[in-house]
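In: Provided below for reference: sequence and predicted model.
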Amino acid sequence: MPENIAPLPDFTRWPSFPFEGNMRVKPLAAPVEVEPPRSGEDAADCVACNTPDEAYIWVSERWRVRAMDRPTGLPVVLILECRSHLDIGDLPNLLAAELGVMTVRLERAIRSLDGVARVHVNRWGDGSAHLHMWFLARPYGRLQLRGTFLTLWDDILPAIPEQQWRQNLAHVAAWLAEFGGTALAEPPHIQWESPSTIDYSEDKPADQPSAPPAADAPRPNTLNDVDARQSPADPAVSESIPTQRTPAETSGAALTAPHPYTGQTDTPGHS
Ligand SMILES: [Zn+2]
């Protein structure tokens with residue numbers, strides 16, 4: 001087997017690159033003759049089409065916005081979907097125009113949150129067929145998180161406190177509802193705990209994880225699309241694909257209902 005001696009690309013030396021130490025470029029796998037179907041190519045099997053409004057933080061006649069099933073490392077990670085079972089290039093003019101309006105509106109809503117410097121908007125579409133646009137908020141002052149590696153940092157950062165996470169979602173949902181539709185995310189209920197047990201800090205250094213949901217809780221199925229699109233035959237990749245979870249297992253952390261894509265081996269993360 002030939003030694004892989006491909007030089008590391010320049011981005012591995014960028015300040016925003018999350019890793020250090022000795023690395024090498026993976027060998028490039030041979031291209032497949034026919035690509036496998038994405039999750040939900042058929043509307044009948046589409047998770048988005050089969051998920052009720054209650055699983056979303058905001059809904060309207062033609063659009064819905066959903067969050068992850070538990071707190072993320074970033075202040076906000078949201079997905080915008082159209083109700084119609086279409087991918088981005090198939091949108092009719094009405095939905096295409098509304099996608100622009102919704103994108104601007106949602107970016108502004110998320111950016112209005114305290115502590116959010118920038119909102120990155122992404123569409124990949126390699127995992128799931130139904131159009132879903134990603135909105136990722138970068139915390140203010142975290143210059144190291146600038147740019148394309150934000151998706152990786154979301155999985156690296158400690159999850160924000162659940163109370164803060166729910167407040168953020170409720171804020172965005174309420175903002176969107178000002179323009180129409182229905183906000184379904186509610187702000188967290190007041191927790192009558194001893195003040196010493198409540199963590200109100202909004203911006204935690206990555207090296208001081210204070211309140212993750214659980215020490216060994218799996219991370220949200222957010223940004224692991226690259227894994228999901230790999231061949232399951234790759235054992236290293238198979239280990240990284242979330243295992244099937246039942247609604248009972250997810251309901252404890254879910255906002256209002258089991259996460260739409262939870263349990264899918266072809267997760268929504270950048271898919
Ligand atoms: Zn669909």
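Out: That came in fine, so what should we check first?

In: need the contact list for Glu33.
Out: Residues in contact with Glu33 (C-beta atoms under 8 Å, 6 or more residues apart in numbering): none are found. (C-beta placed from N, C-alpha, C; glycine too.)

In: Tell me how far it lies from Asp42.
Out: 22 Å (C-beta to C-beta, to the nearest Å).

In: for the ion, what are the nearby residues on the protein?
Out: Contact residues, the chain versus the ion (C-beta under 5 Å from the ion): 46, 48-49, 85, 130.

In: how about a cut-off of 6 Å?
Out: Counting by C-beta under 6 Å from the ion, the chain comes close to the ion at 40, 43, 46, 48-49, 85, 130.

In: quick one: the strands in the stretch 1-150 of the chain?
Out: For the stretch 1-150 of the chain, strands defined by DSSP state E, counting those that start in this stretch occupy the ranges 58-59, 63-67, 77-82, 116-122, 132-139.

In: got a list of what Val121 touches?
Out: Neighbour list for Val121: 103, 107, 133-135 [criterion: C-beta under 8 Å, 6+ apart].

In: same thing with Ile79?
Out: The contact partners of Ile79, by C-beta under 8 Å, 6+ apart, come to 65-67, 132-135, 268.

In: For those, give me TSV that also has pLDDT and neighbour count.
Out: Below are those laid out as TSV (pLDDT from 0 to 100; neighbours: other C-beta atoms under 10 Å):
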residue	pLDDT	neighbour count
Val65	98	27
Arg66	97	28
Ala67	97	28
His132	98	26
Met133	98	20
Trp134	98	21
Phe135	98	22
Pro268	39	30
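
In: Could you export the residues you listed as JSON lines, including distance to Gly125?
Out: Shown next, in JSON lines, are those (distance: C-beta to C-beta, whole Å):
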{"residue": "Val65", "distance to Gly125": "17"}
{"residue": "Arg66", "distance to Gly125": "16"}
{"residue": "Ala67", "distance to Gly125": "19"}
{"residue": "His132", "distance to Gly125": "8"}
{"residue": "Met133", "distance to Gly125": "10"}
{"residue": "Trp134", "distance to Gly125": "10"}
{"residue": "Phe135", "distance to Gly125": "15"}
{"residue": "Pro268", "distance to Gly125": "11"}
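
In: quick one: contacts for whichever residue of the stretch 101-250 of the chain sits closest to the ion?
Out: Closest approach of the stretch 101-250 of the chain to the ion (C-beta to the ion) occurs at His130, with a separation of 3.5 Å. If you count contacts by C-beta under 8 Å, 6+ apart, His130 has them with 40, 46-49, 81, 85-87.

In: can you do 6 Å?
Out: His130 sits next to 40, 46, 48, 85 when contact means C-beta atoms under 6 Å, 6 or more residues apart in numbering.

In: Equivalent analysis for Arg146, please.
Out: Taking C-beta under 6 Å, 6+ apart as the criterion, Arg146 is in contact with Ser16.

In: Now do it against Pro52, distance only.
Out: Distance of Arg146 to Pro52, given as C-beta to C-beta: 37 Å.

In: do the same with Asp154
Out: Taken as C-beta to C-beta, the span from Asp154 to Pro52 is 26 Å.

In: between the two, who's got more neighbours?
Out: More crowded of Asp154 and Pro52, by other C-beta atoms under 10 Å: Asp154, with 23 against 10.

In: Next, give phi and psi for that one.
Out: Note on Asp154: backbone dihedrals following degrees, to the nearest 10 are phi -60, psi -40.

In: That one is in contact with Pro71, isn't it?
Out: No: the criterion here is C-beta atoms under 6 Å, and Asp154 misses it with Pro71 at 10.9 Å.
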